[in-house]
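Undergrad: I'll drop the sequence and a predicted model, then ask my questions.
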Number of protein chains: 2
Amino acid sequence: MTTRRVTLADVARRAGLSSSAASMILNGRPDTRLSNDAHDRVHRAAAELGYRPNVAARSLRVDKTQTIGFISDTVASTRFASGLIKGALAAAEQAEHVILLAETGGDPARETEAIAALLDRQVDGIVFATMRSREVVAPVLPDNTRLVLLNATSDSHSTSVLPDEKRGGRAAVSLLADAGHREGIVLLGHNQEIERDVFRSTTVARRLAGIRAEMQDRGLTFEREESIWEWAPQQGFTAVESLLAEPLLPRALLCLNDPLAFGAYQALTERGLRVPDDVSIVSFDNDEIASYLRPGLTTIALPHEGMGARAVELLLDGTAPHGEHLVEMPVIVRASIRQV
Amino acid sequence: MTTRRVTLADVARRAGLSSSAASMILNGRPDTRLSNDAHDRVHRAAAELGYRPNVAARSLRVDKTQTIGFISDTVASTRFASGLIKGALAAAEQAEHVILLAETGGDPARETEAIAALLDRQVDGIVFATMRSREVVAPVLPDNTRLVLLNATSDSHSTSVLPDEKRGGRAAVSLLADAGHREGIVLLGHNQEIERDVFRSTTVARRLAGIRAEMQDRGLTFEREESIWEWAPQQGFTAVESLLAEPLLPRALLCLNDPLAFGAYQALTERGLRVPDDVSIVSFDNDEIASYLRPGLTTIALPHEGMGARAVELLLDGTAPHGEHLVEMPVIVRASIRQV
DNA sequence: GATAAATGCTAAATCAATTCAGCACCCAGC
DNA sequence: GCTGGGTGCTGAATTGATTTAGCATTTATC
């Protein structure tokens, strides 16, 4: 008892018209001279039969599939990745598009395969996302397939969506400065390599540039800069542990991401010090842990969902200019900064 | 200078054959009597031109798109969701399939829309995933579209993939018992409603059943059971705080998920108590925070990626039996249990 | 040497849509 | 009465693959 799918021909038959007419009416073609009566009959028939067009058949004719490819180096592990996807899904749903997902693990071979697999399915465009925001070689696509880089940059002819790290960096410093911090501010996670090497991470370089610009504008300097390679809790912990071995205690910690701040909390707590009474902390990303910590961690959020949505919107827009589109990083104020 | 995609006809022309022949050869049809020479020519032509079949055209003819729909109520927020997706992607890639992703937010209207959108694109099957593992009403699909429920159950005629919570529950108790804990074991997160109401969460009910079964088998009883509705750090914190106000200290905490354990750590640390020297802790899920904590949290992991992969494998297998397919929950031993 | 069977391949239909050229009808105008 | 133009619609081609029926050859069989 296989119930065949309703086709356009079925609709046309029931409306007593040709499928040409039915097609034109359902697609709302403008200059067609079909009668109002015909319109009514077709729409009624389509509704009664529950007609849904076959996307494969349509896309064979016109070159549109209402489908977007989303290629990412990583889909799991961080909330960032899934946030981007969630945002993309939401924007796609708005525009009645659907998302084909592929993961590459950063492997160029899998990347090529993923792109081919998506092109085989005639996607209208591809969002190419990286978790470690960096400069990438934009894949070459056929002229009718648009490309938007997400959390990545490339040559100037491409469109990319990035967090507004520079302003985010400035915001973090402003939070501390506005709270009255002038002395004993320590930077945690600073890394000279990253600061220079654009290929490894563009956005972190900008984050640091924003931080330094705002410090300078306010006439402030860091008491110390702790260079850390891997920005994980364990590293934050040991860095702050050694910091606390010094005679002069820091008054404020500017951590370059939340896991570092997490490690800092642990080191402080184990020393019997309190956040923010003894040391203020501000950080970046707004990971889940930021809300878990006691007291809550004040942090400059990565706007994942906004970025994902923006990328899809740009892809579908078509008229949007090339270049970088920056998404604002929201300031999430919790309770880790003390008014001095 | 639009470079048209290479079609089967192009390959056939270059090989000096009809497209029928080219099609049969490239698809490796068995009983065809085409010459070895023809085989060579077609394969060479395809390789030289970089031919890739047009999936839309093919799926119009045969009813297969090499595409799987993945519908989830949530894609972001938890590592669990993205882990399932990652696993599904990996298995799909193995089988040269691609995944169409849709999010419903648990809203039945969006659910219907998502299913329709996927069916319009002729997906070969749908993985229907829930984050809050529970009993769902399985969507009705056409006979040629297979369905696998992921982290969800439904009537017996459907196929579903679930974590083996019962054994996981037993494993958690075994860890404590084997370490020598016999007294002062407290259950954190127990909830009578959940334990009874299968519709709200099947797997948590099983987790508890496994725990109770193992306790009984070993002749152990809980010193106390703290009923908590929302399993978040804040709730874990206050529960343990009040626990510590009692004269008799608990010796081991069995937390029903990691965020609760996280809150427990915080409450213990603020009281100057040490994990595991003063109190042992074991938990469930293996969230990211489990490795962040000091000392590392021993926990029974939710096998997200394995589950996601299993679901896709079952979908593609076709011969797999209906019913529940349980995926083992790995025991992640860190340092939160003391040998007594 | 005629017939049958095997070999190697092709033409045309098919899938479900879109789209272009054009058919039949009616009315107006000369 | 015949042309011209507008109206309302349809037929057939098209998209890129798969698949069935069947057409020429060649080879084997008696």
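TA: Good, I have the coordinates.

Undergrad: and A:Arg167, how far from DNA strand C?
TA: 44 Å (C-beta to the nearest atom of the strand, to the nearest Å). Heads up, the C-betas are built off the backbone N, CA and C, glycines and all.

Undergrad: remind me which residues of chain A are low pLDDT?
TA: Residue ranges of chain A with pLDDT under 70: A:1-2, A:156, A:194-200.

Undergrad: return the residues of it in contact with DNA strand D.
TA: Contacts of chain A with DNA strand D, taken as C-beta under 7 Å from any atom of the strand, map to A:16-21, A:24, A:32-35, A:37-38, A:57, A:60-61.

Undergrad: farthest-separated two in these?
TA: Largest separation among the residues of chain A next to DNA strand D by C-beta to C-beta: A:Asp37 and A:Leu60, giving 31.1 Å.

Undergrad: any idea how far the biggest strand by length in chain A is from the chain center?
TA: The longest strand of chain A (DSSP state E) is strand A:125-135. In terms of C-alpha atoms, centre = their mean, to the nearest Å, the centre of strand A:125-135 is set 9 Å apart from its chain centre.

Undergrad: then stretch A:321-333?
TA: 10 Å.

Undergrad: same question, stretch A:38-46
TA: A distance of 43 Å separates the C-alpha centroid of stretch A:38-46 from that of its chain, computed with C-alpha atoms, centre = their mean.

Undergrad: and it, which residues are buried?
TA: A:Ala38, A:His39, A:Arg41, A:Val42, A:His43, A:Ala45, A:Ala46 (16 or more other C-beta atoms under 10 Å in any protein chain shown).

Undergrad: now do the SS call for A:Ala152.
TA: Following DSSP: H, G, I helix; E, B strand; the rest coil, A:Ala152 is assigned to strand.

Undergrad: hmm, it is touching A:Val137, no?
TA: No. Using C-beta atoms under 8 Å, A:Ala152 is not in contact with A:Val137; the gap is 10.0 Å.

Undergrad: can I see the domain layout of chain A?
TA: Chain A breaks down into these domains under automatic domain parsing: A:8-53, A:67-161+A:304-327, A:165-303.

Undergrad: check which helix or strand covers A:Leu326.
TA: Of the helices and strands defined by DSSP states H and E, A:Leu326 is found in strand A:323-327.

Undergrad: quickly run through the sheet partners of that strand, with directions.
TA: Looking at strand A:323-327 with DSSP bridges, its partner strands are strand A:159-163 (parallel).

Undergrad: ok, and for the strand it pairs with, which residues are buried?
TA: Judged by neighbour count (16+ other C-beta under 10 Å), strand A:159-163 contains these buried residues: A:Thr159, A:Ser160, A:Val161, A:Leu162, A:Pro163.

Undergrad: in JSON lines, list these along with distance to A:Gly83.
TA: Shown next, in JSON lines, are those (distance: C-beta to C-beta, whole Å):
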{"residue": "A:Thr159", "distance to A:Gly83": "20"}
{"residue": "A:Ser160", "distance to A:Gly83": "17"}
{"residue": "A:Val161", "distance to A:Gly83": "13"}
{"residue": "A:Leu162", "distance to A:Gly83": "14"}
{"residue": "A:Pro163", "distance to A:Gly83": "11"}
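
Undergrad: closest to B:Gly263 out of the residues you listed?
TA: Using C-beta to C-beta, the buried residues of strand A:159-163 come closest to B:Gly263 at A:Pro163, 30.5 Å.

Undergrad: what residues does that closest one make contact with?
TA: A:Pro163 makes contact with A:Ser133, A:Asn151, A:Thr203, A:Leu302, A:Pro303, A:Met307, A:Leu326, A:Val327, A:Met329, according to C-beta atoms under 8 Å, 6 or more residues apart in numbering or on different chains.

Undergrad: can you classify A:Leu101 as helix, strand or coil?
TA: Using three-state DSSP, the three-state assignment for A:Leu101 comes out as strand.

Undergrad: strands of the stretch 151-300 of chain A, residue ranges please.
TA: For the stretch 151-300 of chain A, the strands defined by DSSP state E, counting those that start in this stretch occupy A:159-163, A:185-188, A:224-226, A:252-255, A:280-285, A:298-301.

Undergrad: so can I have a markdown table of these showing distance to A:Ser72?
TA: Shown next, in a markdown table, are those (distance: least, C-beta to C-beta, whole Å):
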| stretch | distance to A:Ser72 |
| --- | --- |
| strand A:159-163 | 13 |
| strand A:185-188 | 28 |
| strand A:224-226 | 31 |
| strand A:252-255 | 26 |
| strand A:280-285 | 18 |
| strand A:298-301 | 20 |
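
Undergrad: which one of those strands lies nearest to B:Glu103?
TA: strand A:159-163 (19.7 Å).

Undergrad: beta partners for the residue nearest to A:Gly318 when sequence neighbours are not counted?
TA: Among residues not flanking A:Gly318 along the chain, A:Arg146 sits closest, at 7.0 Å (C-beta to C-beta, 6 or more residues apart in numbering or on different chains). Under DSSP bridges, the beta-bridge partners of A:Arg146 are A:Gly125.

Undergrad: and for A:Arg146, the neighbour number?
TA: By other C-beta atoms under 10 Å in any protein chain shown, 19 other residues sit near A:Arg146.

Undergrad: please apply the same query to A:Glu328.
TA: Neighbours of A:Glu328 using other C-beta under 10 Å come to 13.

Undergrad: what are the phi and psi values at it?
TA: Note on A:Glu328: its backbone torsions stand at phi -60, psi 140 [degrees, to the nearest 10].

Undergrad: give the contact list for it.
TA: A:Glu328 is in contact with A:Asp164, A:Arg167, A:Pro303, A:Gly306, counting by C-beta under 8 Å, 6+ apart.

Undergrad: rerun at 7 Å
TA: A:Asp164, A:Arg167, A:Pro303 (C-beta atoms under 7 Å, 6 or more residues apart in numbering or on different chains).

Undergrad: and the residue of the stretch 201-340 of chain A closest to DNA strand C?
TA: A:Gly318 (17.0 Å; C-beta to the nearest atom of the strand).

Undergrad: so what's the residue count around that residue?
TA: As a burial measure, A:Gly318 scores 9 neighbours (other C-beta under 10 Å).

Undergrad: and it, how far is that from B:Glu328?
TA: Per C-beta to C-beta, to the nearest Å, A:Gly318 is found 49 Å from B:Glu328.

Undergrad: A:Asp63 now?
TA: According to C-beta to C-beta, A:Asp63 stands 47 Å off from B:Glu328.

Undergrad: please apply the same query to A:Thr112.
TA: A:Thr112 is 35 Å from B:Glu328, where distance means C-beta to C-beta.
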